[in-house]
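Engineer: Need a 3D model of the sequence below.
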Amino acid sequence: MKACILSTPAPSKPIRCATRMFRADSLDPHQVLIRIRACGVCRTDLHVVEGELIPRKSPVIPGHQVVGVVEKTGAAVTGST
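Structural biologist: As a prediction, the model looks like this:
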């Protein structure tokens, strides 16, 4: 997958684009694989990127407001929305 990764917060250009390996055949039973079409970055994410808030883990892939298509579901996933 392609991702913008924050390794160290900084006020100027701290994000780098990279490709991360992900195996679609390794979904846990309760996971859903989504092909992301768009991703929003909220102001809190920007505070982390700029070093105004301390990230809980590192590296961070900012953005959690996504629009996408379900590609695959784990064995225990039920229902639809």
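Engineer: Tell me which residue is most central in this protein.
Structural biologist: In the chain, the centroid-proximal residue (Cα atoms, centre = their mean) is I61; its distance is 5.0 Å.
Engineer: Let me know whether that one touches L6 as I believe.
Structural biologist: Yes: in this structure, I61 is within contact of L6 by Cβ atoms under 8 Å, at 7.4 Å. Where you see a C-beta, it was placed from the backbone N, CA and C, and this is true even at glycine.
Engineer: what's the spacing between V41 and G51?
Structural biologist: 15 Å (Cβ to Cβ, to the nearest Å).
Engineer: Kindly report the same for P9.
Structural biologist: From P9 over to G51 the distance is 4 Å, taken as Cβ to Cβ.
Engineer: who has more neighbours, these two?
Structural biologist: Set side by side, P9 and G51 show more neighbours around P9, with 18 against 14, by other Cβ atoms under 10 Å.
Engineer: The more buried one looks like it's in a strand, true?
Structural biologist: No: according to DSSP: H, G, I helix; E, B strand; the rest coil, the state of P9 is coil, so it is not within a strand.
Engineer: From I36, how far off is F22?
Structural biologist: From F22 over to I36 the distance is 12 Å, taken as Cβ to Cβ.
Engineer: Compare those two and say which is more crowded by neighbours.
Structural biologist: Neighbours per residue, other Cβ under 10 Å: of F22 and I36, the larger number sits with I36, 13 against 10.
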